[in-house]
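S.K.: here is the input, now give the coordinates:
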Amino acid sequence: MHPTVKCFLCVILISFLASCSSVTGSVTTTNAVNSETPEETAMPATSPTPTATPTAEPPTPLPPSPTPSLFDIELPVGEVKYEIPLNIRHVTEDSATLFFELDTPSRGYVSVRSRETGAFPFTIPLDPSQARHLVTAHNLVSGSTYDALVAYEAEEGGYSQPRFLDRTWGPVSFHTRAEGAPLRIGVIGDASFGDKTTTGLVDAMADANLDFIIHAGDVVDRIAANANPFDSYKENFYAPFEPLLTMMPVYTVPGNHDYDRDINYEGEPFYYYAFPPFPDPRFPGQEYAERNQHYAIAYGDAQFVMLDTQVFYGEPGREEQESWLEERLADPGFKVTIPVFHVAPFNSSTVHPDDSRPVRGTWVPKFEAANVILTLSGHFHTYERLMKNAITYVISSGGSSVLYAKGEKAPESKLYKRESHYLLMELDSETMTYTAINLEGDVIDEVTIPLE
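M.R.: I've put the predicted structure just below:
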């Protein structure tokens, strides 16, 4: 675009924003994350556990208008880079939380547009003193699709979009769930190498009309010599998962390799830097956790309880997590509770089969007492369905080409498949069905569980 035209459009946009300054909006912007209390002062953007800045003044929402918007301008790819690209951290029926980090603090906007109506419910100014941005837009319409993009003010004038690996990342889109609608969920685990198998499975899930993704741990494993964790995540997670990260939330649990020293950042697991806590009105306060070590997400009358099994192997937080888990399992507000964690309580693997013992001894009695019907896990690089006392234990850890052979069959095992795969879960008011699908698109297992 000719510089003169670009500057002209920017003048129009800035003038239009100023003309709307009397309108109030319901948006909160948190530019630094992982806080104990919302009143704490922000730490530098390079800290692995920065604290939250006070809530910003409500930004000006943009009503529908023919005036050129950030979506209408052909934004060039600028010099500012994404350290963590724009992704959809969480979506509810009427809100969405977006997260990203730039390589330098910049002035600009996160702009959100309704795909159905063309309306601009929010244009959210970035805090120019911060590089990390966790932004929540409220009062969205349920059952609707929205687009969101990041634009920053370039030094030469006009707006540019941040670059990702020397290319565009582009806008993201998300869909607010309609009340009572059935859920479609993709599940993948141990997709930690960013290989072609993972890319193929991601592409298949991107075409499956899903609401969100569950990742059963080991997000990024091993980094190249002299590489930093930002680059490792870009190459092994953000790039291969781009078709999903730009369409829906990807909810993760930490695996054992997410704690490896070679994927640490300033002495802490980079996992927690990449996946900060987010607000959810069904679970007030969990966004202020120091680490996103355990958390819950709710869709209708189903809750997914996301846990960290590494507390059984030396990581801190076990006592706190046990107390929290008991609280979640006892919550009468949910018809279905699905625990998600990395190390499964039963397995038939040849590789580290004894890892299951502490999980089995501690959590299985709790799950049985709470009438849990399904758990989702990873770690053993295979697909296995096991069952004990009316609980189905699913190991879905074939998210890459690295697979483990079958060892001695566990008494609880019903099916073992050494195949790369993902799960398609469908959940409605009466049944829960999951289908294990391999890289070629073939069904390797299918189970329907009635919801009583």
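S.K.: check for me that residue 243 belongs to a strand.
M.R.: No. When DSSP: H, G, I helix; E, B strand; the rest coil is applied, residue 243 is found to be helix, with no strand at that position.
S.K.: quick check: the gap between the nearest residue to residue 264 once chain neighbours are set aside and residue 252.
M.R.: In space, and not counting its chain neighbours, residue 264 is closest to residue 270: 6.3 Å by CB to CB, 6 or more residues apart in numbering. Any C-beta I mention is one placed from the backbone N, CA and C, and that applies to glycine too. Going from residue 270 to residue 252 by CB to CB, to the nearest Å gives 12 Å.
S.K.: and if you look at residue 146?
M.R.: With CB to CB as the criterion, residue 146 and residue 252 are 23 Å apart.
S.K.: go on, residue 227?
M.R.: From residue 227 across to residue 252, the span is 21 Å (CB to CB).
S.K.: what's the answer for residue 91, then?
M.R.: Between residue 91 and residue 252 the distance, using CB to CB, works out to 15 Å.
S.K.: other SSEs contacting the helix or strand where residue 446 lies?
M.R.: Per DSSP states H and E: residue 446 is located in strand 443-450. For strand 443-450, the elements it packs on are strand 383-388, strand 413-417, strand 431-438, judged by 3 or more CB pairs under 8 Å, 6 or more residues apart in numbering; DSSP states H and E.
S.K.: residue 104 is nearest to which of those strands?
M.R.: Across those, the minimum distance to residue 104, taken as CB to CB, is reached by strand 431-438, at 41.8 Å.
S.K.: residue 367 belongs to a strand?
M.R.: No. If the criterion is three-state DSSP, then residue 367 is helix and not within a strand.
S.K.: tell me the contacts of the residue nearest to it when sequence neighbours are not counted?
M.R.: Closest residue to residue 367 in three dimensions, ignoring its sequence neighbours and counting by CB to CB, 6+ apart: residue 391, at 5.8 Å. By CB atoms under 8 Å, 6 or more residues apart in numbering, the contact list for residue 391 reads 364, 367-368, 372-375.
S.K.: now, among the residues you listed, which is nearest to residue 106?
M.R.: Proximity to residue 106 was ranked across the contacts of residue 391 by CB to CB; first place goes to residue 375, at 42.8 Å.
S.K.: secondary structure class for the closest one?
M.R.: strand.
S.K.: centroid residue for the chain?
M.R.: Closest residue to the average C-alpha location of the chain: residue 250 at 3.1 Å, with CA atoms, centre = their mean.
S.K.: skipping adjacent residues, who's closest to that one in space?
M.R.: Nearest in space to residue 250, with sequence neighbours left out and distances taken as CB to CB, 6+ apart, is residue 213 at 4.4 Å.
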